[in-house]
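Coordinates for the following, if possible.
(chains A and B)
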Amino acid sequence: MNSRIRKLTAALLALYLVVFVALNTIQVARKEALDANPFNNRQTIRDFNRLRGPIVTADGVVIAQSVATPEGSEFDYQREYPLAEIFSNVTGYYTYSFGSTQLERMHNDVLMGDTAAQKVASVFGGGDNTGSVVVTLRADLQQVAADALGEREGSVVVMDPATGAILAMVSFPRFNANQVADHDTEAAENVLAFYNSLDSKPLLANAYQERYMPGSAFKVITTGIAFENGVTSLDRDWPDEKEWLPPQTIDPITNYGGSTCGGSMTEVFYRSCNIPFAQMAVELGPERMVAGVRAWGIGEELPIDLPAPAASNFEYSGSEPIDFAQNLPLLAIGGFGQANDTMVPLHMCMVAATVANGGRMMAPYVLDSTVEHNGRILHRTQPSTWKTPISPTTAATISDLMVEVVNRGTGKPMQLNNGVQAAAKTGTAQLNAAGEPQRSHAWIIGFAPAEAPRYAIAVVLKGTNDEISAGTGGRLAGPIAKTILDYLFSTEN
Amino acid sequence: MNSPLAAARRNGELGLVVMAAGITGAAFVLASLGKNSEMPATVVPFLVALLGMLVAAHVATRYFARGADGTLLPLAALLHGIGYVMIARLSDRRAALQTTWSLIAIVAFVLTLILIQRPPDLARYKWTFLFIGAGSLMLPLVPGIGSSVGGARIWVSIGRINIQPGEFAKIGLALFFAAYLADNRELIAAGTRRIGPMRIPELRYVLPITLAWGFAVAVMVVEKDLGSALLFFTLFTVMMWVATERAIYLLVGMVLFAVAAITAHRMFEVVQTRVAIWRDPWSQYEGKGYQPAQAMFAFANGGTGGTGLGMGSPNKIPAASTDYIFAAIGEELGLVGAGAILIAFVLIIGAGLRVAIRADRTFEKLLATGLTTILGMQAFIITAGVLRVIPLTGITLPFVSYGGSSLLSNYIILALLLRISDSSAKRLGELPDELSLGERWETYQLRRAAKKAARA
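Next up is the predicted model:
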């Protein structure tokens, strides 16, 4: 019997060996896959009991932080957003039940201290190894921009034209991350459901995730393409015309409000006549026009370092590509920013910045740097050129045209204090079909100081009602841009 | 009186029990410091009581099983201690109850050592044990006192006390199998009838044991307690094989098992569900698959070193302190801790089967084999089930899981193994064979009678 008992011992050992192998497989080999399983929220639970680093603005204001909860709370820390009213679209939220968004999501590892560098450092340094995220946005400027916009639906973007660093980016309506990060899951769920029910999409950062018809502000782009292709020059004169019949149609193109408009290149630009730009687009023809708008980045998702950026549009009607050769009137109308043109507000700011930056369009970014707990920089964003749609000469020419817009044309509301020279282009995108009540988006894009630009700006007010009607973009959007730029220069030494 | 070998075994045992108690105490402190733990300071007296009981169990072996193996009790104490800390960490209410069950179990351990001093005495009561085993198996089927939990009708409720009689049936059946096979193994092995190349034993020799086993399995299947059915199946097959030394019984056992498994899968929805969630717990995550999925997450969360006691989320597993306690340990103590549990069971198997090999009498050999198989297979069935090596069948992890019946029966098994070990030591002359309590009592009676007779 003893030999059988020994065999039994071996058999039982073999069974335990199988169990031990299975244990290893699950706890070691499959650990990462199981940790990442969508049903698995153990990691989240653990994270919610760990300290998480702050998100800080360029001027040192904390806009997201973890605060210890009272004894006996469900989790040890509560994420708080001190300036949630104006920064939620940038910070996003970090929640137990609804995941995380925006910077909170993109830089989760740094904030939790989970990057390889931080883990190595914590072995030697010990203790708290959470990192912080520093953004290029300024809290003061963000507040000024939000106040200037007020409770009108729209977006404001301010950036450094030389680097692409975004200094302020605000939209209305927006949401409050504190309400979503509430540990009372039911309350948070109700808030999210409410935000989601609104047509104005407050959870989206409209400034870079939505696009609107640009109207005449688009003429900067058309002018750039026309100059680059030699279709127009500063010497060209445009006849005074009330209407112009493009090929392939019997429906004439008119100027804004049916006015008669014409003159020198400078004049038609600052008076924002429509017909010359329609003619430029047709003279360029479908191929050169499409290649031109693509050179400006239209049709591509904006290369911003935040999730899910939108792409501007010129070539598509819905999801169908437009055959411009068979539809030259649409090309003509597209030349002055109507028809199917839609532009992301951030992209329009980049357009102004391109003119300000000698023709180079910088990739926009909000992340200045990620910093270790001990202050060592983990990563700092290096500015990079995204597109070069126009030459420095063309840029200088358009800059001069845009100065005239402020001094003599539709951009007068953006004339700045203390003699600072601004350059701008306005836009009023008519949304209503003939016979409907007037509805327009009001735009202004520009930069200052014109001679050595330090700030580029884009403001759009959505045409949600008939408030923006007879007025052109300059009258409504201009004062917002002026307020912000005046503030910027008044705070400089 | 003096036996250096026995003294060394007992002193070694004391050292190891103290070590197990030390580990338990340290684990307890760590667990109470953990953030997610629900363990208040009020549990401390219960812990002290538990550690006292473990030492008391050792003291009992000093008096009543001096020559017994010195590793079995410390291994059980370690498992018991770690299990206790985990139960306390999961639910302070259950910690208090488990302390009570522990007390009852240790008392039963000591009583077993005291009452059964000569293992062969047990063999005399084999039919009684069969009756007790079979009877307790049927108890849950009695209307009024039997009750179902989680689809298995294995509970008996009398007043506020709930017991699982199946846990005791396994001891009764092991005793019966060992005794019956010790008496008849040669007759069964010889196989006087021939059918073709096969020799089969006289029906009358195999009938009682086959009936007993068939009855046990049938009852377990009716109660839908498939884990226990598998356990009885293995117990019977292994004991037949070891006793007869004929591999045909292994083969027959496996064929019967395959037939039973396929039949059970065809007939019982509960088996189909179990197999389905074994193969893919994710598709039924909102339902029956939730628990196995959470167990997988728990193991993964633990990784190699574990989250640390009181730092994981084992409470997300519904049956964390009973069937799934191995996953809770895997989460908070990691591969290292869960591996230690497995190693402890491997050592128990080694020590238990060594007791069987050292035993001289066939009955003791078979009984030690059977009891060790119960412990080893039960731990295998539940750990392999939790790890999804095999479909899960809910039984407790011996000494570790929460539950009075399980703790009580496993400590009785432990006492029986120690008793057999002690008896072998005496037979091998490792320590003098002194009179047992009962024998001393009889001697005393005889002397008195003799004196009386002399006076008269």
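
use CA for all of it now, contacts and neighbours both
Noted.

what about the nearest residue to A:Thr254 once chain neighbours are set aside, neighbour count?
Closest residue in space to A:Thr254, ignoring its immediate chain neighbours: A:Glu243 at 4.5 Å, by C-alpha to C-alpha, 6 or more residues apart in numbering or on different chains. Applying other C-alpha atoms under 10 Å in any protein chain shown, we find 17 residues neighbouring A:Glu243.

so what's A:Glu243 up against?
A:Pro252, A:Ile253, A:Thr254, A:Asn255, A:Gly258, A:Thr260, A:Ile275 (C-alpha atoms under 8 Å, 6 or more residues apart in numbering or on different chains).

switch the cut-off to 6 Å
Residues in contact with A:Glu243 (C-alpha atoms under 6 Å, 6 or more residues apart in numbering or on different chains) are A:Pro252, A:Ile253, A:Thr254.

Drop the exposed ones from those residues and show what's left.
A:Ile253, A:Thr254 (16 or more other C-alpha atoms under 10 Å in any protein chain shown).

Please convert the contacts of A:Glu243 to a markdown table, extending it with secondary structure.
Shown next, in a markdown table, are the contacts of A:Glu243 (DSSP: H, G, I helix; E, B strand; the rest coil):
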| residue | secondary structure |
| --- | --- |
| A:Pro252 | coil |
| A:Ile253 | strand |
| A:Thr254 | strand |
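
now, which of the contacts of A:Glu243 sits nearest B:Leu431?
Relative to B:Leu431, the closest of the contacts of A:Glu243 is A:Ile253; by C-alpha to C-alpha it sits at 117.2 Å.

B:Ile188: how many residues sit nearby?
B:Ile188 has 22 nearby residues by other C-alpha under 10 Å.

Excluding chain neighbours, give the residue nearest to it in space.
The shortest distance from B:Ile188 to any non-neighbouring residue, by C-alpha to C-alpha, 6+ apart, is to B:Pro201 (5.0 Å).

Okay, that neighbour and B:Trp241: tell me how far apart.
For B:Pro201, the distance to B:Trp241 (C-alpha to C-alpha, to the nearest Å) stands at 14 Å.

the more surrounded of these two?
Higher neighbour count among B:Pro201 and B:Trp241: B:Trp241, with 23 against 18, using other C-alpha under 10 Å.

Report how many residues lie close to the nearest residue to that one once chain neighbours are set aside.
Excluding the flanking residues, the one nearest B:Trp241 by C-alpha to C-alpha, 6+ apart is B:Tyr249, at 5.6 Å. Residues lying near B:Tyr249 (other C-alpha under 10 Å) number 19.

Retrieve the pLDDT associated with B:Tyr249.
Per-residue pLDDT puts B:Tyr249 at 81.

Need the contact partners of stretch A:163-172.
So stretch A:163-172 is contacted by A:136-138, A:142, A:153-159, A:362-366, A:383 (C-alpha under 6 Å, 6+ apart).

Kindly report the same for stretch A:223-234.
Stretch A:223-234 is contacted by residues A:Met265, A:Gly292 when judged by C-alpha under 6 Å, 6+ apart.

Tell me the span between the first and last residue of it.
End-to-end distance of stretch A:223-234 (C-alpha to C-alpha): 11 Å.

same question, stretch A:148-156
9 Å.

I would like the residues contacting that stretch, please.
Residues outside stretch A:148-156 that contact it (C-alpha under 6 Å, 6+ apart): A:Met169, A:Val170, A:Ser171, A:Phe172, A:Ala207, A:Ala458, A:Val459, A:Val460, A:Leu461, A:Lys462, A:Ile480.

Please repeat the previous calculation with a cut-off of 8 Å.
Contacts for stretch A:148-156 (C-alpha under 8 Å, 6+ apart): A:145, A:168-173, A:206-207, A:345, A:457-462, A:464, A:480, A:483-484.

Check stretch B:256-275 too.
With C-alpha under 8 Å, 6+ apart as the criterion, stretch B:256-275 contacts B:Gly151, B:Lys224, B:Phe233, B:Lys288, B:Pro391, B:Leu392, B:Thr393.

Might you list the low-confidence residue ranges for the chain?
The chain I'm using is chain A. Residues of chain A that meet the criterion pLDDT under 70 lie in A:72, A:123-127, A:433-435, A:464-472, A:493.

Hmm, no, I was thinking of chain B.
For chain B, the stretches with pLDDT under 70 are B:1-2, B:34-42, B:147-153, B:158-161, B:191-199.

which helix in it runs the most residues?
In chain B, taking DSSP state H as the definition, the longest helix is helix B:325-358.

near chain A at all, it?
Yes: residues of helix B:325-358 are located near chain A by C-alpha under 8 Å from any C-alpha of the partner chain, namely B:Gly334, B:Leu335, B:Gly339, B:Leu342, B:Val346, B:Ile349, B:Gly350, B:Leu353, B:Ala356, B:Ile357.

Distance from that helix to the middle of the chain?
13 Å (C-alpha atoms, centre = their mean, to the nearest Å).
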